[in-house]
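> could you look at this predicted model? Sequence included:
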Amino acid sequence: MGGDGVISVVSNLLPAKIKALTKAALDGDYEKARALHYELLPFIKAVFVETNPVPIKQALAWAGLPSGPARLPMGRLASASEAVLRKAMADMGILK
């Protein structure tokens, strides 16, 4: 997409996918990088359905990984946002 690097929230849960995307881009395989980007895009959007880091912390918790609660003044993920995030995780095969 034209970037020179990555700072990735999504890599907390999907490190291999982000590594593959980054490697493909650095290797000049833009077709593969683009395909991986668009595969990840619905999940990326879901992880930012609310202010970071609330959604990614919830996603990590649902995946059984340590994350801890978001610090104040942030709170829990809203129930409407939970549905968005759960669907994106299920579509990625992270949740059943």
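Now that the structure is in, tell me what you want to look at. Just so we're clear, the structure is a prediction, and the values are computed from it rather than from any experiment. Numbers count the residues shown, from 1 in each chain.

> sec struct for residue 28, please.
Under DSSP: H, G, I helix; E, B strand; the rest coil, residue 28 falls in the coil class.

> equivalent analysis for residue 4, please.
Residue 4 is classified as coil under three-state DSSP.

> and residue 55, by the same measure?
helix.

> doesn't residue 49 make contact with it?
Yes. Shown here, residue 55 and residue 49 form a contact pair, counting by C-beta atoms under 8 Å, at 5.6 Å. (C-beta placed from N, C-alpha, C; glycine too.)

> more neighbours, the two?
residue 55 (23 against 18; other C-beta atoms under 10 Å).

> overlap of the contact sets of residue 55 and residue 49?
Common contact partners of residue 55 and residue 49 (C-beta atoms under 8 Å, 6 or more residues apart in numbering): 81, 85.

> now do the same contact list for residue 75.
Counting by C-beta under 8 Å, 6+ apart, residue 75 touches residue 54.

> how close does it get to residue 57?
Distance from residue 75 to residue 57, counting by C-beta to C-beta, to the nearest Å: 11 Å.

> flag every buried residue along stretch 39-50.
Judged by neighbour count (16 or more other C-beta atoms under 10 Å), stretch 39-50 contains these buried residues: 40, 43, 46-47, 49-50.

> please produce a markdown table containing those, extended by pLDDT, distance to residue 88 and secondary structure.
Listed next are the buried residues of stretch 39-50 as a markdown table, based on pLDDT from 0 to 100; distance: C-beta to C-beta, whole Å; DSSP: H, G, I helix; E, B strand; the rest coil:
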| residue | pLDDT | distance to residue 88 | secondary structure |
| --- | --- | --- | --- |
| 40 | 97 | 10 | helix |
| 43 | 97 | 5 | helix |
| 46 | 97 | 3 | helix |
| 47 | 97 | 8 | helix |
| 49 | 97 | 9 | coil |
| 50 | 96 | 13 | coil |
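
> okay, now the unreliable bits of this structure?
Counting by pLDDT under 70, the chain has low-confidence residues at 1-3.

> how about the helices in it?
15-26, 30-47, 54-62, 79-91 (DSSP state H).
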